[in-house]
Structures are given as C-alpha cells and as structure tokens.
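1. how does the following fold in three dimensions:
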Amino acid sequence: MPYVLLALAIVSEVAATLSLRASEGLSKLVPSAVVVVGYLVSFALMARALTALNVGPVYAIWSALGTIGAFVGGVVLFDEPVRPLTVVGAVIIVLGVIVMNLGGGVGQG
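-> I've put the predicted structure just below:
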C-alpha cells in the first residue's frame with residue numbers, strides 16, 4: 001500500500017507542476033487551484049507513504065519520477081523541446097535513484 005500512495009503522490013505532484021505552467025503565473029483560476037490542491041494531496045500522500053518507507057530513497061523516487069513526469073508532460077502538453085543533453089540528464093536521474101535503492105532500499109528497518 002505505501003507504494004501505491006507514493007505513486008499517487010507522484011502523479012499528483014506532476015499534475016500540480018504542469019498546472020503551474022498552465023496557470024500563466026497563477027493568473028488562471030482553474031490551473032491555479034489544481035496547483036494548490038495537487039501539491040497538498042501529493043505531500044499528504046507522501047507523508048502517509050513515509051510511515052512505512054525510508055525517507056531518503058522515497059524522496060529520491062518522488063522527485064526523480066516527478067522530474068521525469070514534468071519533462072515528458074512539458075513535451076507532450078506544451079511542445080517543449082527535447083534536447084539530447086536533457087535526455088542524458090533524465091537517464092542520470094533514474095540511475096541515481098536505482099543506485100540509492102541498491103544502497104539501502106525503501107523499506108524501513
């Protein structure tokens with residue numbers, strides 16, 4: 001169950017981040033509301049997941065997958081450019097999360 005909560009926290013964070021872009025500086029009401037609700041839901045879900053998982057690897061997973069999700073969402077929704085160096089950076093982020101999990105994993109104890 002904590003992994004489901006973490007996955008939902010990541011989805012919520014990505015939705016909030018993409019809505020931040022769509023809000024045009026928080027000047028549009030609906031995307032701005034999604035930003036606030038999305039981040040609140042994301043933090044609440046991650047807090048619940050952290051009752052059973054270790055904070056370091058969980059935060060690494062949350063931030064890395066959130067970054068990748070925002071990158072992909074920006075490309076798909078806002079036609080942002082995909083540059084080779086950006087893709088290399090995304091791969092490095094994912095590799096970093098894998099290494100962190102090999103070093104201790106996400107389960108408490």
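2. distance of L29 from A15?
-> 16 Å (Cβ to Cβ, to the nearest Å). Yep, even glycine has a C-beta here, placed from its N, CA and C like the rest.
3. hmm, I was thinking of A7
-> A7 sits 13 Å away from A15, going by Cβ to Cβ.
4. does the closest residue in space to E80 that isn't next to it in sequence count as helix, strand or coil?
-> Nearest-residue entry for E80: G74, 4.1 Å, with adjacent residues in sequence omitted and distances by Cβ to Cβ, 6 or more residues apart in numbering. Using DSSP: H, G, I helix; E, B strand; the rest coil, the structure places G74 in helix.
5. the chain: helices as residue ranges?
-> Under the criterion DSSP state H, the chain carries helices at the ranges 2-22, 29-49, 55-78, 84-104.
6. now do the contacts for the residue nearest to E80.
-> 18, 21, 80 (Cβ atoms under 8 Å, 6 or more residues apart in numbering).
7. try 10 Å this time
-> 17-18, 21, 80-82 (Cβ atoms under 10 Å, 6 or more residues apart in numbering).
8. before we move on, back to that, out of L29 and A15, which sits in the busier spot?
-> A15 (20 against 9; other Cβ atoms under 10 Å).
9. check contacts around the more buried one.
-> For A15, the contact set (Cβ under 10 Å, 6+ apart) comprises 34-35, 37-39, 41-42, 69-70, 73.
10. how close does V87 get to V41?
-> 29 Å.
11. more neighbours: those two, which one.
-> Using other Cβ under 10 Å as the criterion, V87 and V41 rank with V41 on top: 17 against 11.
12. can you tell me how far the closest residue in space to A52 that isn't next to it in sequence is from V88?
-> Closest residue to A52 apart from its sequence neighbours, by Cβ to Cβ, 6+ apart: P2 at 4.1 Å. According to Cβ to Cβ, P2 stands 31 Å off from V88.
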